[in-house]
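Undergrad: My questions concern the predicted model and sequence given below.
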Amino acid sequence: CCCICCCFTSSSLLLLSLLLLPIHLFPPLRMQATGCVRSRLGAIPDLKSFMQRRSVIKLYRDMFRAISKVEDEYYKEYLSNWVRREFKRNKTETSSAEVQGLLQRGRKQLEEVQSAMNLASA
């Protein structure tokens, strides 16, 4: 077929039609103090905030992976509660520099937990 409509799938036609819409139909985006762009869909983090949030989540998961290797149930529960409490306490921190400092401190504590586990298993 030589018709251009046959060459596109329905989803690509929808995307193409959205791209051709006049720009005034979209709500304006506003920067916020947290480094996020505000749209009608909610806050959209900038790349630095997104990467930082990803690092925090990775640290949280790594902490629990390390704690899962602890054999003593009492100590495992104690460490789990400690990690949850620390992350919950710092959950409202918005300063990028402060979050970086907390991430560095958390990584050091993770290394300490992992080295203690290695010593205990040796």
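TA: Perfect, thanks for sending it. Residues are numbered from 1 along each chain as shown.
Undergrad: Quick one: the strands in this protein, in order.
TA: Ranges of strands in the chain, per DSSP state E, are 30-31, 36-39, 42-45.
Undergrad: Give the buried residues for the longest helix anywhere in the chain.
TA: Taking DSSP state H as the assignment, the helix of the chain that covers the most residues is helix 96-121. Counting neighbours by 16 or more other Cβ atoms under 10 Å, one finds that the buried residues in helix 96-121 are 99, 102-103, 106, 109-110, 113. For every residue, glycine as well, the C-beta is placed using N, CA and C.
Undergrad: and which of those is nearest Ser68?
TA: Within the buried residues of helix 96-121, distances to Ser68 taken as Cβ to Cβ reach their minimum at Val113, with 11.1 Å.
Undergrad: So for the closest one, what's the nearest residue that isn't a sequence neighbour?
TA: Closest residue in space to Val113, ignoring its immediate chain neighbours: Ala66 at 5.0 Å, by Cβ to Cβ, 6 or more residues apart in numbering.
Undergrad: One more: Val56?
TA: With Cβ to Cβ, 6+ apart, the residue lying closest to Val56 is Leu103, at 6.5 Å.
Undergrad: pLDDT score assigned to the one you found?
TA: Leu103 carries a pLDDT value of 93.
Undergrad: Distance of it relative to Tyr60?
TA: Leu103 sits 11 Å away from Tyr60, taking Cβ to Cβ, to the nearest Å as the criterion.
Undergrad: try Val83
TA: With the distance defined as Cβ to Cβ, Val83 ends up 7 Å from Tyr60.
Undergrad: Among these two, which residue is more densely surrounded?
TA: Set side by side, Val83 and Tyr60 give different neighbour counts by other Cβ atoms under 10 Å, the larger being at Val83 (20 against 16).
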